[in-house]
Structure formats: structure tokens, C-alpha cells
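>>> Sharing a model that was predicted from the sequence below.
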Amino acid sequence: MTTTPTPRPESVTTMRAITQSIYGSADVLTLTQVARPMPSAGQVLVRVRAAGVDRGAWHMMTGKPYLGRLAFGLRTPRNPVLGIEMAGTVDAVGAGVTRFTVGDEVYGFASGSFAEYAVARENRLAAKPANLTFEQAAAVPVSGATALQALTDAGHVELGQTVLVIGASGGVGSYAVQIAKALGAEVTGVASTGKLDLVRSLGAEHVVDYTHQDFADGSRHYDLVLDIAGRPRLSRLRRALTRTGTAVIVGGEDGGSFSGGMNRQLRAVATSPVLRQRLAMFITKQRSSDLERLTELIEAGQVTPSVGRIYRLHEAADAMRHLEAGAVRGKVALST
């Protein structure tokens, strides 16, 4: 489905965007006027209707872990405009673009998505699911693709397997529960007391309240464990697995300012070759093929984005504070 783009004067060369000149807390974010980007060959200019607020954007804002600054910029942000994921309408296309035309509704990955316009590579976009709002669609790319790749590329989930999702009420976890169910797994979700109802509504057959229960107490063992919360010791993950089960460490917020949770992930990969169990990590890839697969699941009613709160663009700092506080149920989105 396509829509007719709103005409705009060609003389308009600037746009509103959330920018930062230094790393820090949400206080470093400001709403400013910046130059509107233009698409190069193979790129698409998108009029951003909504942007997703994810943990990756928080890392880019704070510059932590410091190891990430090799990609973000050593002393100051390489791209002053924050944001990674968005949904909107195609405003212009660069040379060689064949999959999209002006007016198409799309969603996907775009650096600098906390703005009125963003440029994305053609192979990092897909047609927006017809049954989603722009705010819902913007909350899909990073978390949805991460969950899908964790389950399939890294976890090799199979029909009938038992899957434990640690951090099931968050951005990635809310998708992981639904995708695992859609792929035929029996799902147990780990979350806090106040978020168990959300996890059940996502389709989890069983829930574990981590404030009162231990998922690694030996009462149940799982074929696949997705560790999204980033806190359990490797020994605890192993206790929750079957003798030949797989644990996929999706992320980690502990481990210090330099490398964050990477220390634990690297230990897992180093230990795995000498175990019958498999401990795995992966780096999320930005691929249109994953978005297209997610679209199929979404339009079939098997996956629905869980958007807990929507902020306006000028409220981006408040949205980041809400994310940092850990109060998010599902995902947060910005509406432009």
C-alpha cells in the first residue's frame, strides 16, 4: 500500500532532529535544526513518522561501553543525530534503487532516526506491515531482528523444543517469546512480578518471577535459553539447560564501563568448545530479509509489537530516561 507524499518546498533544506555534541546522560540531548540528508546511490530518504527507542541508542548516547566508541566515535559522537530504527514514507531515492518508490511506506534501520528525515540503505528497509501503525512498526527492526536471529541463526530453535527467555518483558524479549511460539516452541518467560501479565499475554505457557523464583533451581531444563537480561552467571545458564542444550547470550549491561557485558560473552564462546552444551553469542545484522520475515509473522497475527509508551520527538530525553529506569513494558517509540 502506498500513500501520496505531502508536497514540500524544494527550498526546505533543514529538519528537526535530536542531537548530541558530547556523550552523557539524557541531559546531553537537544532538539535542533540540522541539514536534511540526501540519498546517495543505493540509499533511500525516508520521511520519518516514528522512531524506535532501543538500548542501542542508549549506548550511542552515553558512549558506554567505551569499546563501542570505536564505532560511535572516540571522543565525540561521529553522527550527532541519535537513533537506529524508524518507520515512515519514502521521500526520495538514490541512483540504482529499485525496490522502493516515492510514497512507499517502509520500516527498517537508519542511522540518525530521531529526526524528521533519515537516510537508509535500500537493503536495510522493507515494506511496512499493513496492519501496524508507524509507531508500532518503528519499534520492530532492532528488537525484532535481534530476537529472530538469536532464535534461528544462533539458537537453531526447532519445533517442539523448550525455550527459556530471560528478560521476556523487554524490547527483544517481547519479540522472542512471540517468535519462539510462532516457530513451534514451548516458551517460559522470566520477568518481574509486575510484568508477568504482559509475558503471559505474549503467549508464554509458563512464567518465572525472578524476584521470588530461580529459573536455574533444577526443576526444569530447557533446550534453548535466551539470556537477554545480561546478568546470570554462565554456571546458572548451564544449570537451566538440558545436557546438550544451547544458551544464547543476546546482550549484557553488566561488566564495567570498558567492555560492558562482552566479557561474559567472550568467556562463553571460549568455554563452549569443551562442553556438551553450547554457549553462543552473536552480533545483530541489519538485513531486509529479516524484516520481510518479521512482516510475514506480523501480518499473519503471530507477532504483535508491544509498545508501552509513545513520546513526541521533542520528548526524546524523557523517553531515554524512561528506558534507562527499566520501567518499559515492551518498547518505547517516538512520534515525529
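That came through, no problem.

>>> only C-alpha atoms for contact and neighbour calcs from this point on.
OK.

>>> Pick out the residue nearest the middle of this structure.
Ser143 (2.4 Å; CA atoms, centre = their mean).

>>> pretty sure Asp227 contacts Val248?
Yes - counting by CA atoms under 8 Å, Asp227 touches Val248, with 6.1 Å between them.

>>> what's the burial count for the closest residue to Thr193 other than its chain neighbours?
With sequence-adjacent residues excluded and distances taken as CA to CA, 6 or more residues apart in numbering, Thr193 is closest to Asp209, at 5.6 Å. Under the neighbour criterion other CA atoms under 10 Å, Asp209 is assigned a count of 16.

>>> hmm, back to that, and the residue nearest to the centre of the chain, which of the three is it?
Following DSSP: H, G, I helix; E, B strand; the rest coil, Ser143 is assigned to helix.

>>> same question, the one 3 residues further on
What three-state DSSP gives for Thr146 is helix.

>>> cool, Ala87 as well?
strand.

>>> quick revisit: residue contacts, the residue nearest to the residue nearest to the centre of the chain when sequence neighbours are not counted?
The spatially closest residue to Ser143, leaving aside those adjacent along the chain, is Val172, at 4.4 Å (CA to CA, 6+ apart). By CA atoms under 8 Å, 6 or more residues apart in numbering, the contact set of Val172 is 143-144, 146-147, 228, 330.

>>> cutoff 10 Å now
By CA atoms under 10 Å, 6 or more residues apart in numbering, Val172 lies in contact with 54-55, 140, 142-148, 150, 165, 228-229, 250-251, 330-331.

>>> Report the next helix or strand after the host helix or strand of it in sequence order.
Val172 belongs to helix 171-182 when assigned by DSSP states H and E. Scanning forward in sequence from helix 171-182 by DSSP H and E, the next helix or strand is strand 186-191.

>>> So in that sheet, which strands flank the strand ranked longest in the chain, and in what orientation?
When every strand of the chain is counted residue by residue (DSSP state E), the longest turns out to be strand 43-53. For strand 43-53, the paired strands and their directions (DSSP bridges) are strand 85-93 (antiparallel), strand 117-121 (antiparallel), strand 331-335 (antiparallel).

>>> what would those strands look like in a markdown table with distance to Thr101 and mean pLDDT?
As requested, the strands paired with strand 43-53 are exported to a markdown table (distance: least, CA to CA, whole Å; pLDDT from 0 to 100):
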| stretch | distance to Thr101 | mean pLDDT |
| --- | --- | --- |
| strand 85-93 | 7 | 98 |
| strand 117-121 | 14 | 98 |
| strand 331-335 | 23 | 95 |
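
>>> can you confirm Gly68 is in a helix?
Yes - assessed by three-state DSSP, Gly68 belongs to a helix.

>>> if I look at it, how far off is Arg124?
21 Å (CA to CA, to the nearest Å).

>>> of those two, who's got more company?
Arg124 (20 against 16).

>>> And that one, how close does it get to Val44?
10 Å.

>>> which residues are in contact with both of these two?
Joint contacts of Arg124 and Val44 (CA under 10 Å, 6+ apart) are Ala110.

>>> after the worst-scoring helix or strand of the chain on mean pLDDT comes which helix or strand?
Within the chain, no helix or strand scores below helix 262-271, which has a mean of 76 by mean pLDDT, DSSP states H and E. Note on helix 262-271: by DSSP H and E, the next helix or strand toward the C-terminus is strand 278-281.

>>> circling back to that earlier point, how far off centre is the least confident helix or strand of the chain?
22 Å (CA atoms, centre = their mean, to the nearest Å).

>>> Repeat that for stretch 216-226.
For stretch 216-226, the distance to the chain centre is 25 Å (CA atoms, centre = their mean).

>>> what is the mean pLDDT for it?
Per-residue pLDDT values across stretch 216-226 average out to 96.

>>> distance between the ends of that stretch?
13 Å.

>>> try stretch 153-160
17 Å.

>>> List of residues touching that stretch?
So stretch 153-160 is contacted by 146-152, 163, 180-187, 223-226, 245-250, 278-284 (CA under 10 Å, 6+ apart).

>>> what are the ranges of the helices in the stretch 201-336 of the chain?
234-240, 262-271, 288-299, 316-324 (DSSP state H, counting those that start in this stretch).
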